[in-house]
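Student: Got a predicted structure plus its sequence, pasted below:
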Amino acid sequence: MKEKNSNKTQETKSPFQINSTAMEQELEDLRVELQNYEKEKENIRLMLGKVGGVPSFHSKLINILFIIALVATLVVSILVHNSSVRLLMLELASAAVSIKIIYLIHCLTKVNHFKFWMLSSIEWRLNQMMKEIRKISDHIEND
């Protein structure tokens, strides 16, 4: 008789053991969520980099070459005494600045389009969630 009672006490788990396994499961779920979050964060970072959020080596190189060409044309226009060459260099410098401004406007348009797309998709998802919440609340009210 005593052996059966002692076996029952050994087989039943204490509340601390049950809480421990539930806590371990919750911690594991949190780890998985954190890993998913890190993956999503990295995907968004890569996506923003492609759109124009982070300057690449290629764009930095183009900017440096643009500045060198602009400074060179301005220096030549100052040092040369021939008015036709001076005028040509100033026109090239102003054309280069205009092209750079057009390029920057193009890049900003790409970024703004991406922002608009993201906000539109968030709005669409919120509307879907609101419809689901209304269905659930109607279902709860009817029961």
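Tutor: Yes, it's here. These numbers come from a predicted model, not from an experiment.

Student: Sticking with the most centrally placed residue in the chain, tell me its helix or strand.
Tutor: With distances taken as C-alpha atoms, centre = their mean, the residue of the chain nearest its centroid is Ile44 (3.4 Å). For Ile44, the host element (DSSP states H and E) is helix 15-51.

Student: Just checking the distance from that helix to the centre of its chain.
Tutor: Helix 15-51 sits 18 Å away from the centroid of its parent chain (C-alpha atoms, centre = their mean, to the nearest Å).

Student: After it, which helix or strand is next? Please name it.
Tutor: helix 57-79.

Student: got the buried residues for that next one?
Tutor: 70, 73, 76-77 (16 or more other C-beta atoms under 10 Å). C-beta here means a position set from N, CA and C on the backbone, and glycine is covered the same way.

Student: following that helix, which helix or strand comes up?
Tutor: helix 83-142.

Student: Quick one: list the elements packing against that next one.
Tutor: helix 15-51, helix 57-79 (3 or more C-beta pairs under 8 Å, 6 or more residues apart in numbering; DSSP states H and E).

Student: Kindly state which of those is positioned closest to Leu108.
Tutor: helix 15-51 (10.9 Å; C-beta to C-beta).
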